[in-house]
Structures are given as C-alpha cells and as structure tokens.
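S.K.: Sequence and predicted structure are below.
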Amino acid sequence: MITNFFIPELNNHDVQELWFQQDGATCHTARATVDLLKDTFGDSLISRFGPVNRPPRSCDLTPLDYFMWGYVKSLVYADKPQTLDHLEDNIRRVIADIRPQMLEKVIENWTSRLDYIRVSRGSPMPEIIFKM
C-alpha cells in the first residue's frame, strides 16, 4: 500500500512541511517499512524506530486517538456509505471541513492534559471528557 498508493499519491502534493506519524504496530515498524518512510519523510517521521520517537502509548495524550479518529469516523459513517468511492468522498469531506478553531480547542485540551500529567508527576488521569 505504501509503495503502490501512498507514496505515488504524495507526489501529487507539496510535502515539504508534512510530518508523518504512525502508531507502534509491529507491522508498521518493520525495518523495511521504517526505512522506506525515512527515505520519504526524512527527519519528519514520527515512529517507533524513526528519527522522532512516537509519543507514549496513551490514548489520553494523543489527539489523534482521543479526538480525531472518533470524530472523523462518526461523521464518515453517518450516511452509511455503500461503496468505496462514497467512503473516500466522505473521508475527504469530513477532513476538509475541520476548521482551525476546532483544532485550536483540541490543542487547548491537549495542553491541559499535559499540564495535569506534569503536576501529578505522571499519575493516571481520571476520566477526562473532551468538550467542544
């Protein structure tokens, strides 16, 4: 998928300022995969064995986990897409509709989570509700 779809698709975009972050799944951090991504993204790769280490595995501290995936999924599947084209269109639309103000709130929430961890010296977080 990376060599046949992802990298060719990147060639259609300006990726000079792009960072790539992946999770720590074993298949995603195989040496061949990480080497390929390093060749593509250089120092802008966030990965378990990449130039920038992936953040700790805490869904409470990773905005992609505690906000983005659930938010996007809830909207992408709202109209029950029946074809791959429909699903892709929904994904593109939902991502394009995310406004800077929403991302600012996500970052504010993220910094408050980090502040809590710092003050509590890394103790477990109580249930945190993301408010929009």
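M.R.: That came through, no problem. What you are looking at is a predicted structure, and each value in this text was computed from that prediction instead of being measured. Numbers count the residues shown, from 1 in each chain.

S.K.: State the distance from residue 101 to residue 70.
M.R.: For residue 101, the distance to residue 70 equals 19 Å [CB to CB, to the nearest Å]. Glycine gets a C-beta too; all of them are placed from N, C-alpha and C.

S.K.: neighbour count winner among the two?
M.R.: residue 70 (12 against 8; other CB atoms under 10 Å).

S.K.: tell me which element that one is part of?
M.R.: Element membership of residue 70 [criterion: DSSP states H and E] is helix 69-76.

S.K.: counting contacts, what elements does that helix pack onto?
M.R.: Secondary-structure packing of helix 69-76 (3 or more CB pairs under 8 Å, 6 or more residues apart in numbering; DSSP states H and E): helix 84-96.

S.K.: Alpha carbons of the helix it packs on, as CSV, please.
M.R.: Written as CSV, here are the backbone C-alpha positions of helix 84-96 (Å, rounded to 0.1, in the frame of the first residue of the first chain):
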residue,chain,number,x,y,z
LEU,A,84,-15.5,2.7,-1.7
ASP,A,85,-15.9,5.9,-3.7
HIS,A,86,-18.6,7.1,-1.3
LEU,A,87,-16.5,6.2,1.7
GLU,A,88,-13.5,8.1,0.2
ASP,A,89,-15.6,11.1,-0.6
ASN,A,90,-16.9,11.2,3.0
ILE,A,91,-13.4,11.0,4.4
ARG,A,92,-12.2,13.8,2.2
ARG,A,93,-15.2,16.0,3.0
VAL,A,94,-15.0,15.4,6.8
ILE,A,95,-11.3,16.1,6.9
ALA,A,96,-11.7,19.2,4.7
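
S.K.: Perfect, that will be all.
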